[in-house]
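Asker: Task: produce atomic coordinates for the following.
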Amino acid sequence: MDNGYDQTNDELINKSGFTDGDYGANQIQVLEGLEAVRKRPGMYIGSTGTHGLHHLVYEIVDNSIDEALAGYCGHIGVEILPENIIRVTDDGRGIPVGIQPKLGISAVTVVFTILHAGGKFGGSGYKVSGGLHGVGASVVNALSEWLEVEVYSEGKVYFQRFERGNIACDLKIIGETDKNGTQISFKPDIEIFEDLVYDYDTLLSRLREQAFLNAGLHITLTDKREPEGRSENMCYEGGIRHFVEYIHQKRALEVLHPNVIYFSASDGDTSAEVAMQYNDSYNDSIYSFANNIHTNDGGTHETGFKTALTRLFNDYGKKIGFIKEDKDRLSGDDVREGLTAIISVKLHEAQFEGQTKAKLGNTEIRQLMDGMVYDKLMTFFDENPSVAKAIFDKAIMANRAREAARKARDLTRRKSALESASLPGKLADCSDRDPTNTEIYIVEGDSAGGSAKGGRDRRFQAILPLWGKMLNVERARLDKVYGNEKLMPVVTALGTSIGEDFDISKLRYGKLIIMADADVDGSHIRTLLLTFFFRFMRPLIEEGHIYIAQPPLFKIAKGKQVRYAFSDPERDRYIAELGGNADIQRYKGLGEMDPHQLWETTMNPENRTILRVDMEDAAAADEVFTILMGDKVEPRREFIEANARYVQNLDI
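Answerer: Numbering: from 1, shown residues only. Now for the predicted structure:
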């Protein structure tokens, strides 16, 4: 069966018009040898924790996505097998099995054992590729206990096995087949990773994202670790339009206009597309991608979109008469309020910052994006004046709220002669003033706050008890925050201000630790505070200053021996160690611990466990909060029913 590649003459038969070049052993170019990936895995996959573990899957899937971008792959299957073995299968052309001329070994072997080897470097195997650095397959191999690859090509099944990056057997033919493609199976190495358990929902989210970005591509995720299993088959003919609709549906947001606005443009090998729709929330959700890679930190494509959007709104507003004077000009925050947008660009030579590809650096894409957004959205507004008015009304309301927030901020400042003298009255500050040494515990309730104040180390630990009515940040703009008795003391204590005045260089504490009870109320407080920081003080999360305290759930005592357990299994283990018949105390709140216990279990840096919050954690909290605190009942009911089986130790 023809797979588009004839090894006898190294000539690629172009079937789709995506590429005119060869994709054979000659196109697998070698830039440098595989170095000590196992010694410094964080340089290649970000971390050896959960994120790094899942990144292994993304690296292999990205290679299959590249085949889809080239027009040769229609289905990608990802399976989580027992023992957390991963198997990725695609129906692309298959990794070339010929001999790589420079090294004299199979191209398959080169791809999995040589760093910076692949069909993406300067050759013509791929016009567009997400795996820019070409280290994916070899890094996954290096960090796996074992990896096996099967290539289906020219009627034969080729097989090779590797163990911890080393060749266990040479490439060999093990059978015949009438299909084309590649299957890669690997088991992450326990010597490298802190945890080997894959999370189905994490993989599902990433793979669904890829299905949206590649309209018409079928992606299947199957979990075979349990007898009942789970599986999801994803294919979205509407591409990123459906992505926007999915986000609004999942978050139960009311849209301002019925149809998603979509436009695209191209220039040579570079193309860009945008799907956008406004909703009635006060927050924006902009997700940008370059060659199917999620650019978390944005880049030139996202900058071009935002700049053009702001300029377009103000020019159109003046033309129609919505904006009459320069002082009424709309800001970027104004025009993005309530916006959900997907930005996707495809480039031949994508320039990312770092192996994790968090930010795009290509300067030419900014001009393409800027011109496309300005011209095509202007045309859309001219042709759809009622939609334009609905969006403008929201932007103008956001502008008025921003002005109200400025007045509220100025009023707050005038209430005290010196900002430094206006620290919250209930703040128990620390003596050290160096933020690299200091930390602040934000504690719910006066009783827990009292224990924390009594148990802390006054040199570097500050305590701020929360009190008063909590603001529902789901339905509040910045101007409402300034008047809130529970949140403003937090802002004041941190010293950074908020909104457009936010200045992280004025942060008074290096660590901000949220300490709440291990019950429903405590979970609510944590979720609300994380959502608040995510929406109004995001750099605190981006730069790693936010932490969650982990107080114990149980005290197990027998005679003079005392143990603290943070889970049911740990409790049972300590009971067994103490010989049974132990006294067990279930902590229902932080206030039940005396200062010494709180220090020993939750606040002493030598003993405690604190979890650092990253942007994914905060985004998840933000999403949950939108569902639970929004106006719609049905999504809230669905969420509670879907998650009820995960609830343990529920105190009501």
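Asker: all helices of the stretch 451-600 of the chain, in order?
Answerer: Chain-ordered helices for the stretch 451-600 of the chain, with DSSP state H, counting those that start in this stretch as the definition, fall at 478-481, 488-494, 520-536, 539-542, 568-577, 595-598.
Asker: Among the ones you listed, which comes closest to Pro96?
Answerer: helix 539-542 (41.0 Å; C-beta to C-beta). Backbone N, C-alpha and C define where each C-beta goes, glycine included.
Asker: Now do that closest one: which elements does it pack against?
Answerer: Applying 3 or more C-beta pairs under 8 Å, 6 or more residues apart in numbering; DSSP states H and E, one finds that helix 539-542 contacts helix 520-536, helix 615-629.
Asker: Thought His545 was touching Leu507, still the case?
Answerer: Yes. At 6.9 Å, Leu507 counts as touching His545 under the criterion of C-beta atoms under 8 Å.
Asker: related to what we said a few turns ago, and the helices and strands packed on helix 539-542 as JSON lines, adding mean pLDDT and mean neighbour count?
Answerer: Below are these laid out as JSON lines (pLDDT from 0 to 100; neighbours: other C-beta atoms under 10 Å):
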{"stretch": "helix 520-536", "mean pLDDT": "81", "mean neighbour count": "20"}
{"stretch": "helix 615-629", "mean pLDDT": "70", "mean neighbour count": "18"}
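Asker: Distance to Thr48 added to the ones you listed, as a markdown table?
Answerer: Converted to a markdown table, the helices and strands packed on helix 539-542 look like this (distance: least, C-beta to C-beta, whole Å):
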| stretch | distance to Thr48 |
| --- | --- |
| helix 520-536 | 25 |
| helix 615-629 | 17 |
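Asker: looking at this structure, which helix or strand is least sure?
Answerer: strand 11-12 (a mean of 26; mean pLDDT, DSSP states H and E).
Asker: picking that back up, looking at Leu507 and His545, which has the bigger crowd around it?
Answerer: Legend: neighbour count by other C-beta atoms under 10 Å for Leu507 and His545, higher for His545 (24 against 20).
Asker: From Cys430, how far off is the more buried one?
Answerer: Distance, His545 to Cys430, by C-beta to C-beta, to the nearest Å: 16 Å.
Asker: what residues are up against the residue located most distally from the centre of the chain?
Answerer: Here the chain reaches farthest from its C-alpha mean at Gly559, the gap being 47.6 Å by C-alpha atoms, centre = their mean. For Gly559, no contacting residues are found, by C-beta atoms under 8 Å, 6 or more residues apart in numbering.
Asker: where does it sit relative to Ala582, distance-wise?
Answerer: On the measure of C-beta to C-beta, Gly559 and Ala582 end up 9 Å apart.
Asker: go on, Leu466?
Answerer: Taking C-beta to C-beta, one finds Leu466 at 34 Å from Ala582.
Asker: Next: Gly94.
Answerer: Taking C-beta to C-beta, one finds Gly94 at 61 Å from Ala582.
Asker: So the two - more neighbours on which side?
Answerer: Gly94 (28 against 20).
Asker: did I read that right, that one in a strand?
Answerer: No. With DSSP: H, G, I helix; E, B strand; the rest coil as the criterion, Gly94 is assigned coil and is not in a strand.
Asker: for the protein, which spans come out with low pLDDT?
Answerer: By pLDDT under 70, the weakly predicted segments of the chain are 1-36, 116-135, 354-357, 411-422, 446, 468-470, 474-475, 618-619, 625, 628-652.
Asker: Who are the packing partners of the longest helix along the chain?
Answerer: Counting residues, the longest helix found in the chain (DSSP state H) is helix 385-414. Under the contact criterion of 3+ C-beta pairs under 8 Å, 6+ apart, helix 385-414 touches strand 270-278, helix 300-320, helix 332-336, helix 364-383, helix 478-481.
Asker: Pretty sure Asn214 sits against Ala70.
Answerer: No. Using C-beta under 8 Å, Asn214 is not in contact with Ala70, being 11.5 Å away.
Asker: Outline the domain layout of this protein.
Answerer: 5-234, 240-407, 420-551+590-646, 554-586 (automatic domain parsing).
Asker: So for the shortest one, what gets flagged as buried?
Answerer: Buried residues in domain 554-586, counting neighbours by 16 or more other C-beta atoms under 10 Å, are found at 554-556, 558, 563-565, 570-571, 574-575, 578, 582.
Asker: ok, of these, which one's closest to Leu512?
Answerer: Tyr564 (23.9 Å).
Asker: I'd assumed Thr601 was in contact with that closest one.
Answerer: Yes. Tyr564 is within contact range of Thr601, at 4.9 Å (criterion: C-beta under 8 Å).
Asker: Report the set of residues contacting both of the two.
Answerer: Common neighbours of Tyr564 and Thr601 (C-beta under 8 Å, 6+ apart) are Pro552.
Asker: hang on, the earlier thing: wait, which of the helices of the stretch 451-600 of the chain is closest to Asn279?
Answerer: helix 520-536 (14.8 Å).
Asker: Report the distance from that closest one to the chain centre.
Answerer: Distance, stretch centre to chain centre, for helix 520-536: 18 Å (C-alpha atoms, centre = their mean, to the nearest Å).
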